[in-house]
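Trainee: Requesting a structural model of the entry that follows:
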Amino acid sequence: MHDNIIDVLYSKQPQMSVTDRKITAVILADPAVPVNMTISELAKAATVSDASVSRFCRNLGLAGFHELKIELAKVAENQDSYYRSIDPHDLQKSLQAITDNKVAEITGTLKHTAAATIDSILGVLAAASMIQVAAEGDTFPVAADAVYKFNQLGILAVADQSWETAIGQTMNLPVGAVLLVISNSGETRNLLKQIAVAKEKGIAIIALTNRSDSPIALQADWYIMTAVRQKILQSEYFFSRVAAMSAIEALFLLLLARNKNYLQHIKQHEALVATTKV
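Mentor: I've put the predicted structure just below:
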């Protein structure tokens, strides 16, 4: 397993069975503790059977309980990997918890994608005749930010909040275009339809999503896993734009570092929009 096991557990948690969630809750409460547990001890702590723990490991793509312990041992001392709960009665503590969660999201996103993958993605983006950025719902602001940044660099980019318009754009993408798909869950039906249309046209597909085993990630030619820590209220739903925004920001800065000609284009754009400022 190449991904941080803590990131994997957070990303898979919303789709887990009730039994797997029980085991995950015990592990995430303190990942260092299960490292020294037997399979029976973990099963007892999670109030599940030994067989359920073995099945849990297989569901994570691990060979067994021993491999789970090895993966946990790699990250058990890294406190930045853990989720910090928000206490509505302690504002200062809550602000620190949110800070810690966001730092973990950014670190998990930027550190755990192979350099070779990023290198390939940068090459594809730089050579693109056009970039379409696709996202839906709460994630669309990230797409809008990406469109702004790519156009600033001098790479034509488009996006549309209306899916009907967006898939029309996909149908008209020119040769050499790229479809960049941003999806928290990696399961959005409309985005999968868009990917299918792009594939039929031979369009390269890059995905940003929380789950490496999600349908969108599996359909993409290149994939960046975004690490998410922030819960919404007390539910099992994890959502954050910070990780995806950070990935887009990193791609923007890396493209700029590789080609200084982009800087001139940014300056020209800034000069044109400067007249709109007071």
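Trainee: Which residues are in contact with the residue nearest to T188 when sequence neighbours are not counted?
Mentor: Spatial nearest neighbour of T188, chain neighbours left out: E136 (5.6 Å); criterion: Cβ to Cβ, 6 or more residues apart in numbering. Backbone N, C-alpha and C define where each C-beta goes, glycine included. By Cβ atoms under 8 Å, 6 or more residues apart in numbering, the contact list for E136 reads 163, 183, 188, 190-191.
Trainee: repeat that for 10 Å
Mentor: 143, 161, 163, 166, 181-184, 188-191, 194 (Cβ atoms under 10 Å, 6 or more residues apart in numbering).
Trainee: Export the residues you listed as a markdown table, with columns for distance to N36 and pLDDT.
Mentor: Shown next, in a markdown table, are these (distance: Cβ to Cβ, whole Å; pLDDT from 0 to 100):
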| residue | distance to N36 | pLDDT |
| --- | --- | --- |
| A143 | 44 | 95 |
| Q161 | 50 | 94 |
| W163 | 49 | 94 |
| A166 | 50 | 96 |
| V181 | 41 | 97 |
| I182 | 39 | 94 |
| S183 | 37 | 90 |
| N184 | 34 | 81 |
| T188 | 40 | 90 |
| R189 | 43 | 93 |
| N190 | 46 | 95 |
| L191 | 42 | 96 |
| Q194 | 47 | 97 |
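Trainee: Can you flag which of the residues you listed belong to helices?
Mentor: 143, 163, 166, 189-191, 194 (DSSP state H).
Trainee: And those residues, which two are furthest apart?
Mentor: Maximum pairwise distance in those, criterion Cβ to Cβ, is 17.1 Å, between A143 and R189.
Trainee: Who has more neighbours out of those two?
Mentor: Using other Cβ atoms under 10 Å as the criterion, A143 and R189 rank with A143 on top: 26 against 10.
Trainee: What ranges in this structure fall below the confidence cut-off?
Mentor: Residues of the chain meeting the criterion pLDDT under 70: 1-3, 76-88, 97-98, 100-104, 108, 228-240, 276-278.
Trainee: Break it into its domains for me.
Mentor: Residue ranges for the domains of the chain, per automatic domain parsing: 5-82, 106-276.
Trainee: I'd like a version of those domains in CSV, one that adds distance to D90 as further columns.
Mentor: As requested, those are exported to CSV (distance: least, Cβ to Cβ, whole Å):
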stretch, distance to D90
domain 5-82, 18
domain 106-276, 16
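Trainee: all strands of the stretch 151-278 of the chain, in order?
Mentor: Assigned strands in the stretch 151-278 of the chain, in chain order: 157-158, 178-183, 204-209, 222-225 (criterion: DSSP state E, counting those that start in this stretch).
Trainee: which one of those strands lies closest to E105?
Mentor: If we rank those by Cβ to Cβ, the stretch that ends up nearest is strand 222-225, at 11.3 Å.
Trainee: just the helices in the stretch 151-278 of the chain please.
Mentor: 163-171, 189-200, 215-219, 242-258, 261-273 (DSSP state H, counting those that start in this stretch).
Trainee: Of all the residues in the shortest one, which ones are buried?
Mentor: Spelled out, that is helix 215-219. Residues of helix 215-219 classed as buried by neighbour count (16 or more other Cβ atoms under 10 Å): 215-217, 219.
Trainee: can you put those in a markdown table and add distance to I155?
Mentor: Converted to a markdown table, those look like this (distance: Cβ to Cβ, whole Å):
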| residue | distance to I155 |
| --- | --- |
| P215 | 27 |
| I216 | 22 |
| A217 | 23 |
| Q219 | 23 |
